[in-house]
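Novice: pasting a predicted model and its sequence here:
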Amino acid sequence: MQCTHTTYPYNTLAQRHLYTILTTRRQNQTRNINVRKRYGKHTRGVLLSEYAIFGKKVLVTQTGLQGKNRLLQPPANPYMNIQQNKFAGTLTLILLAACAIRVQASPGTDLPDGESPTADYRVETVAEGHGVIWGMAFIASDRLLFAERDGQIKALNITTKAIDTLQGSPRVWAHGQGGLMDIAVPPDYKPGGWLYVTYSKEQRGQGVTALARVQLAGLRLQNWQDLLVTNSGSDANHHFGSRIAFDNEGHLFFTVGDRGSRGNSQDLSNHAGTVLRVNLDGSSPGDNPFIATKSAMPEIWSYGHRNPQGIAYDNVQKRLWINEHGPRGGDEINLVLPGRNYGWPIVSHGKEYWGPVAVGEGTEKPGIEAPQKVYIPSIAPASLLLYTGEAFPHWRGNLFSGALKLTHLNRVSVDITGKPVAEERLLESLGERLRQVIQSPEGWLYISTDSGKILRVSPSAATD
C-alpha cells in the first residue's frame, strides 16, 4: 500500500486544521461520523491537503472531505453528527490508518514536529510500555518520578532513560478510576524531603481518596504517612479526583470528586466534590472558610465540584485554578475562591448521559460561582499546568491540560483578570489520551499518556 501526502508550501500550518474524525459507529447500514473542524486564519478559503490512497485522490479542503464524488459538508457549528454511506465512512477509516495519524515511537524517537502561531516545538517519546501514568514530578533536573494507577512509583533518569521501580509503594484501591493518582513535591523540596501523594484507599469495602506523604531514600519509599483519609466513601469506582498543588505559604490543596453521588457535592459534612486545603502536615489551617461551621469538614476550601482532576496555583497573581469533568458536555475551568459554591449538580452546562436532558436547574444561579471557561462537547481534562517557564516565552501564564476524550494538549491563554481569551489544541494527530502535563526545570513540557508513554515537548532546533 502506498500513501502520499502533499501539503501546499504556502500553508505549512494547515495540517493542524484538518478535519479530525473523532468517532465512528455502525448504525443500521450507515456510519455516524462525528466531525470536528479547527478554524484558523491560516486555513480560511484555501485547499488544505491532498491524499492519494490506492490510486484514489481524496481532498481535504475548507469545504469538506471528498472521496469518490461524495462530500461531507461541514456544518455552521464546528461539531455535528453527519450521516454518510458505508463507503465514505470506510474511506475515512482507511485514510486515518494508511496515513499513520496515530504515531508509534520507541523511547528517544522523534515524533512529528509541531507548529503553533506562538511556538515551534519538537515532540519526543522518552518512555513507553508502562501502565496508566497518572502523576509525574521532578525531584532533580534529570530525575522524574511517575506514578502508575495500579500502584507502582517509578524513577526515570532523563539523561540515560533508565527506569527503576521504587520499593515501598502503597497498597491502593485500584478499581475503576481509582488507584495511585497524583505525586507532587513542595516548592522547597530537597533530597530526602517529603513527597506528597493522593491515592484511593480501601475502607470498609469502599474506596476513599487519601492524601499521604513519604520520603525517598535511594530506591526505597519510607516513612509513609496518611495525612488525610477523606470522608468520601462510596460503592462507586469513579470520581476520586485527585490532584495536588502548593501555594508557597505552607499550604497544600487537593481535589476530591463527588464519588458518583451528586448530592455529596452540596453536603459539607463530607469531603466528596470539594477542593481541600491543609497544612503540609495534614492539619487544618485556622483560616479555612468552614473551620468554625458546625458539622462541616474543616479542610474544605470550596465545594460544588463534580470531578476535578486538574489544579494549579498561580504564585504571581495568588489565585487557584482547577478544571473538572462535566457530565456529557460542560467540562469547566474555574477560579477557586474560599468558601464558594461551584454549583454541581444544581447548575451545569452538560446533559444527562441517558438522553438530551440538561442537568440541574440551569447554567447559572445567584450565589453560585460561574466557570471561567466551559467545554462543549467535553474534552475530558485530566490535569492542569500554569506554565511559567522560559523555553516557550509566549506560553507564559497559559493554562495547559491533557485531554482524554478529545485526545490533545489543550492550551488556554488568560488575561490579567483571569478571563480566558484564546484556546489552542495541540498534539491532536497523536491520537493519545493525554493525562498529566508538567513543566521541567528548563521549561519543557512532559506529558503522560494512558497508553503508558511519557512525551517531551521542547523548542525546535533553530532553522534558517
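Specialist: Great, that's in hand.
Novice: run through the bridge partners of Ala403.
Specialist: Beta bridges link Ala403 to Pro381, His408 when assigned by DSSP bridges.
Novice: tell me the buried residues in the helix or strand where Leu335 lies?
Specialist: Take DSSP states H and E as the rule and Leu335 turns out to sit in strand 331-336. Residues of strand 331-336 classed as buried: 331-336 (neighbour count, 16 or more other Cβ atoms under 10 Å). Just so you know, the C-beta spots here come from the backbone N, C-alpha and C atoms, and that holds for glycine as well.
Novice: out of those residues, which is nearest to Gly431?
Specialist: Taking Cβ to Cβ as the measure, Gly431 sits nearest to Asp331 out of the buried residues of strand 331-336, at 19.6 Å.
Novice: what sits closest to that closest one if chain neighbours are left out?
Specialist: Among residues not flanking Asp331 along the chain, Tyr375 sits closest, at 4.0 Å (Cβ to Cβ, 6 or more residues apart in numbering).
Novice: tally of neighbours for that neighbour?
Specialist: 26 (other Cβ atoms under 10 Å).
Novice: for it, give me the pLDDT.
Specialist: On pLDDT, Tyr375 comes in at 97.
Novice: with Arg16 instead?
Specialist: For Arg16, the model assigns a pLDDT of 32.
Novice: got it, and Gly67?
Specialist: Here the pLDDT value assigned to Gly67 is 31.
Novice: hang on, the earlier thing: what is the nearest of the buried residues of strand 331-336 to Asn398?
Specialist: Distances from Asn398 to the buried residues of strand 331-336, taken by Cβ to Cβ, are shortest for Ile333, at 11.9 Å.
Novice: got the contact list for the residue lying closest to that closest one once chain neighbours are set aside?
Specialist: Leaving aside its sequence neighbours, Ile333 sits nearest to Lys373 (Cβ to Cβ, 6+ apart; 4.2 Å). Lys373 makes contact with 332-333, 412, 420, 423 under the criterion Cβ atoms under 8 Å, 6 or more residues apart in numbering.
Novice: next one: Lys351
Specialist: Taking Cβ under 8 Å, 6+ apart, we find Lys351 in contact with 327-330, 357-359.
Novice: in the longest strand belonging to the chain, what counts as buried?
Specialist: In the chain, taking DSSP state E as the definition, the longest strand is strand 206-217. Across strand 206-217, burial judged by 16+ other Cβ under 10 Å covers 206-216.
Novice: next SSE after that strand?
Specialist: The helix or strand immediately downstream of strand 206-217 is strand 220-229, counting by DSSP H and E.
Novice: just how off-centre is that following strand within its chain?
Specialist: 26 Å (Cα atoms, centre = their mean, to the nearest Å).
Novice: likewise for stretch 116-128?
Specialist: Computed by Cα atoms, centre = their mean, the chain-centroid distance of stretch 116-128 equals 17 Å.
Novice: pLDDT of that stretch, averaged?
Specialist: Mean pLDDT, stretch 116-128: 91.
Novice: what's the distance between Ile368 and Trp321?
Specialist: Going from Ile368 to Trp321 by Cβ to Cβ, to the nearest Å gives 18 Å.
Novice: out of the contacts of Lys351, list just those in strands.
Specialist: The strands, defined by DSSP E, take in nothing from the contacts of Lys351.
Novice: low pLDDT regions in the stretch 101-250 of the chain?
Specialist: For the stretch 101-250 of the chain, the stretches with pLDDT under 70 are 101-115.
Novice: do that again at 90, thanks
Specialist: Low-confidence segments of the stretch 101-250 of the chain, defined by pLDDT under 90: 101-119, 170.
Novice: and the helices in it?
Specialist: Using DSSP state H, counting those that start in this stretch, no helices are found in the stretch 101-250 of the chain.
Novice: next: the stretch 251-400 of the chain.
Specialist: Counting by DSSP H, counting those that start in this stretch, one finds no helices in the stretch 251-400 of the chain.
Novice: so where's it shaky on pLDDT?
Specialist: Using pLDDT under 90, the stretch 251-400 of the chain drops low at 353-354.
Novice: which residues in it form strands?
Specialist: Counting by DSSP state E, counting those that start in this stretch, the stretch 251-400 of the chain has strands at residues 251-256, 274-279, 300-303, 307-314, 319-325, 331-336, 373-375, 385-386, 399-403.
Novice: which other helices and strands does the third one contact?
Specialist: With contacts taken as 3 or more Cβ pairs under 8 Å, 6 or more residues apart in numbering; DSSP states H and E, strand 300-303 sits against strand 274-279.
Novice: just how off-centre is the strand it packs on within its chain?
Specialist: Computed by Cα atoms, centre = their mean, the chain-centroid distance of strand 274-279 equals 21 Å.
Novice: buried residues in it?
Specialist: Neighbour counts over strand 274-279 (16+ other Cβ under 10 Å) mark 274-278 as buried.
Novice: next one: stretch 408-417
Specialist: Buried residues in stretch 408-417, defined by neighbour count with 16+ other Cβ under 10 Å: 408-414.
Novice: show only the entries of those residues found in helices.
Specialist: Using DSSP state H, the subset of the buried residues of stretch 408-417 located in helices is empty.
Novice: rewinding a little: of the contacts of Lys351, just the buried ones, PyMOL syntax please.
Specialist: Buried members of these can be picked out in PyMOL with the line below, counting by 16+ other Cβ under 10 Å:
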select buried, resi 327+328+329+330+358+359
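Novice: which single one of the buried residues of strand 206-217 is nearest to Asp235?
Specialist: The closest of the buried residues of strand 206-217 to Asp235 turns out to be Gln206 (Cβ to Cβ; 6.2 Å).
Novice: how about the contacts made by the residue nearest to that closest one when sequence neighbours are not counted?
Specialist: Excluding its sequence neighbours, the residue lying closest to Gln206 (Cβ to Cβ, 6+ apart) is Gly233, at 4.0 Å. When contacts are counted by Cβ under 8 Å, 6+ apart, Gly233 touches 203-204, 206-208, 259.
Novice: I am finished for the moment; much appreciated.
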